[in-house]
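Trainee: Build me a model:
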Amino acid sequence: MTDPDNGSTTYTYDDGNNLVRTNFPNDTAEIREYDDLNRLTSLKTVRVDPVTGTETVLSSFDYTLNDAGHRLQVTEANGRVVNYTYDSLYRLTQESINNGERVFEYTYDEVGNRLTKSDTHNGSTALTTYTYDSHDRLQTEVLTQDGTEVHTIEYDYDPNGNLIRRTQTTAGGNTEATRYTWNDDDRLVKVETPTNVVEYEYDTEGIRVSSTVDGVTTDYLIDKNQPYAQVLEEFRSGDLETFYVYGHDLISQERNGEQDVYHVDGLGSTRGLTDEDGNVTDTYDYEAFGELIESSGDSENSYRFAGEQFDEDLGDYYLRDRFYDQGSGRFLRRDVYEGRHQEPLTLHKYLYAHGNPSNNIDPTGFFTVAEINAANSVRDILAGMQVDSGSHLINAILARGDYGVDNFLTDFAINAAFISVGFAASYLSQNLTRIPVPAGGMVVGGSLDNIGSGFGILTGRSVKVSKKGLEIVEAHLKRFDDVPQNKMMLERLQSAHAANRPISQADAVFYTHEIAEAGFMSRGMDYYDAHNAALAKYGVDPRSVYAPEVIQAVPEYFNSYWKSFWGLN
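Mentor: Numbering: from 1, shown residues only. Okay, the predicted model is just below:
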């Protein structure tokens, strides 16, 4: 791709469609290596001599994985070595840097709330203890240094579970309070700190479009054609201050006529910036949950841990639907995503990344992406999907596993064929050439332009419920708890099928989502990954899965955020 300054970024892939090399416009390059299971094992950034082609290593991250794919160790080019230890639920319990030079340790209660965090460094230990109420809302946070109390923080919430007050009291009795104000959609709109006042505005889809600090406003131009909404330009008091260039991910920023190129680790965290000549200007080291523990350079940069936008005035990360406090490893408000009873950690309303931030991310603020490689595949595939010129095929994601003839025929149950991409494309072209594509029936078309409207690529489309498709949905729902909202949605599909009536909006989303989810699980994915992949497959908002009539019939299962999506408040 070519940026506005005519700089070129190019991508190279292996036969498995894994990204193996990225060449940046400032003569730097990123090189990735994978194991036989396509799991990232090495990521190296080099500076390439434009004359000789000689490569000089700027940074590198070599990963040791366990059988489940979780990172046990990362070895860096500068000699830094980090070891990770997990409990039986894969929650991070220890992060040891350079053979114990610095050690972070964590303990949890039975539902995943962090009980303690210790930070041992240079012979001194900082210990933080946490308490919670019956709704898993953080109540107190007490910090001691080598046994001596430093401060206590108390938290208060509104009835919706939004943080409204954070009060810090030092051992000497000095008290400072930060107050948080939320709108009717549970969006953070104002923060009053001891030193300033920050205000936020959002668009109709809940994406932040401006922030005002002590009367000075920064406006954000948002690109919603990315897999996740991204800031393209920042305007300070009406003047363009920064613009960003994206390829698969963030490539560079330009401020005051100077360009910085981003270099990341395997999690996607920014670990370095280079200037237009490929010289390293800034470096960043984080603890596992995202707190910055060491840095160099003074370039202004908002994109740091997990590649996400850090709010300097608030001190937290903006993850689109929610703000994340990296200090406590929690979000500022409860999650509207209801979770799944089969996976208890998904039921937690405040926990970040299931307590496993060395492997997981949460770019939407809705739910954790369980595997970084899967997340990269989702981003890459979303970025590269194309719609068939005849509109006879619907865009889709292939997340892990093979895509065989049986899957192809299953997909035709909803009268639509699904294009896979990358390594599956050759498989399909070789093995499915003799399978006729139906000439008639419901055709579901669309493009990524519709993502973000709530119904994704199903926006404005109708779907006919087929007998085969209905059977798949019925069988799939029998796997789970008999909850009324699922039963009611199924009855709506059965009624539409009996009347030969096309469905649209929530009914179409629910129908196609359950079929896609069943297909992913039949290929070996666990429920969590299958659910997320099915949402991403059509680019739909999680709240679009249930019809407004169902939400009104069983309102105890849905909060105001679901209701506001349908205008039911």
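Trainee: quick one, domains of the chain?
Mentor: Domain assignment for the chain by automatic domain parsing gives 10-355, 387-565.
Trainee: could you say what helices and strands the longest helix anywhere in the chain packs with?
Mentor: Ranked by residue count under DSSP state H, the longest helix found in the chain is helix 505-522. The helices and strands touching helix 505-522, judged by 3 or more CB pairs under 8 Å, 6 or more residues apart in numbering; DSSP states H and E, are helix 405-411, strand 462-463, helix 467-477, helix 484-498, helix 527-538. For every residue, glycine as well, the C-beta is placed using N, CA and C.
Trainee: can you give me the angle that helix makes with helix 527-538?
Mentor: 130 degrees (axes from the mean of the first three to the mean of the last three CA atoms, to 10 degrees).
Trainee: Report the buried residues of helix 505-522.
Mentor: Within helix 505-522, the residues that qualify as buried are 505-521, counting by 16 or more other CB atoms under 10 Å.
Trainee: Give me the nearest residue to the residue most central in space within the chain, chain neighbours excluded.
Mentor: Among the residues of the chain, the one closest to the centroid is Pro363, at 2.3 Å (CA atoms, centre = their mean). Sequence neighbours aside, Tyr228 is the residue nearest to Pro363 in space, at 5.1 Å (criterion: CB to CB, 6 or more residues apart in numbering).
Trainee: which SSE is that neighbour in?
Mentor: Using DSSP states H and E, Tyr228 falls within no helix or strand.
Trainee: gap between it and Asn569?
Mentor: 26 Å (CB to CB, to the nearest Å).
Trainee: Tell me where this structure is predicted with low confidence.
Mentor: Where the chain drops to pLDDT under 70, the residues are 340-342, 370-453, 523.
Trainee: now with 50?
Mentor: 371-452 (pLDDT under 50).
Trainee: most remote residue from it's center?
Mentor: The chain, CA atoms, centre = their mean, max distance from centroid: Gly172 (40.5 Å).
Trainee: Just name the most buried of the helices and strands packed on helix 505-522.
Mentor: helix 527-538 (a mean of 23; mean count of other CB atoms under 10 Å).
Trainee: What are the buried residues along whichever helix or strand comes after that helix?
Mentor: Counting by DSSP H and E, the element after helix 527-538 in chain order, helix or strand, is helix 548-553. By 16+ other CB under 10 Å, the buried positions in helix 548-553 come out as 548, 550-551.
Trainee: Looking at those, which is nearest Phe61?
Mentor: Ile551 (45.0 Å; CB to CB).
Trainee: wait, doesn't the residue nearest to the centre of the chain sit right on Leu319?
Mentor: Yes - if you go by CB atoms under 8 Å, Pro363 and Leu319 touch, sitting 6.3 Å apart.
Trainee: on that earlier part again, just send the helices and strands packed on helix 505-522 back as JSON lines, with distance to Glu76 too.
Mentor: Formatted as JSON lines, the helices and strands packed on helix 505-522 follow (distance: least, CB to CB, whole Å):
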{"stretch": "helix 405-411", "distance to Glu76": "40"}
{"stretch": "strand 462-463", "distance to Glu76": "50"}
{"stretch": "helix 467-477", "distance to Glu76": "44"}
{"stretch": "helix 484-498", "distance to Glu76": "47"}
{"stretch": "helix 527-538", "distance to Glu76": "29"}
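Trainee: out of those, nearest to Glu176?
Mentor: Judged by CB to CB, the one of the helices and strands packed on helix 505-522 that comes nearest to Glu176 is helix 527-538, at 39.0 Å.
Trainee: quick one, that closest one and helix 467-477 angle?
Mentor: Using the same axes, to 10 degrees: helix 527-538 against helix 467-477 is 150 degrees.
Trainee: Using PDB, write down the CA coordinates of helix 527-538.
Mentor: The C-alpha trace of helix 527-538 is given here as PDB (Å, rounded to 0.1, in the frame of the first residue of the first chain):
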ATOM      1  CA  TYR A 527     -17.500 -22.300  21.600                       C
ATOM      2  CA  TYR A 528     -15.800 -19.100  22.500                       C
ATOM      3  CA  ASP A 529     -13.800 -18.800  19.300                       C
ATOM      4  CA  ALA A 530     -16.600 -20.000  17.200                       C
ATOM      5  CA  HIS A 531     -19.000 -17.400  18.600                       C
ATOM      6  CA  ASN A 532     -16.500 -14.600  18.000                       C
ATOM      7  CA  ALA A 533     -15.700 -15.800  14.500                       C
ATOM      8  CA  ALA A 534     -19.400 -16.000  13.700                       C
ATOM      9  CA  LEU A 535     -19.900 -12.400  14.800                       C
ATOM     10  CA  ALA A 536     -16.900 -11.300  12.700                       C
ATOM     11  CA  LYS A 537     -18.000 -13.300   9.800                       C
ATOM     12  CA  TYR A 538     -20.800 -10.900   9.100                       C
END
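Trainee: Going along the chain, name the strands of the stretch 101-250 of the chain.
Mentor: 102-108, 114-121, 124-132, 138-145, 148-157, 163-170, 175-182, 188-192, 197-202, 208-213, 216-223, 230-236, 239-246, 250-255 (DSSP state E, counting those that start in this stretch).
Trainee: Dump the ones you listed to CSV, plus mean neighbour count and distance to Phe61.
Mentor: Putting the strands of the stretch 101-250 of the chain into CSV (neighbours: other CB atoms under 10 Å; distance: least, CB to CB, whole Å) gives the following:
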stretch, mean neighbour count, distance to Phe61
strand 102-108, 18, 18
strand 114-121, 17, 22
strand 124-132, 16, 27
strand 138-145, 17, 31
strand 148-157, 16, 33
strand 163-170, 17, 34
strand 175-182, 16, 35
strand 188-192, 19, 33
strand 197-202, 17, 34
strand 208-213, 18, 31
strand 216-223, 15, 28
strand 230-236, 17, 24
strand 239-246, 17, 22
strand 250-255, 20, 18
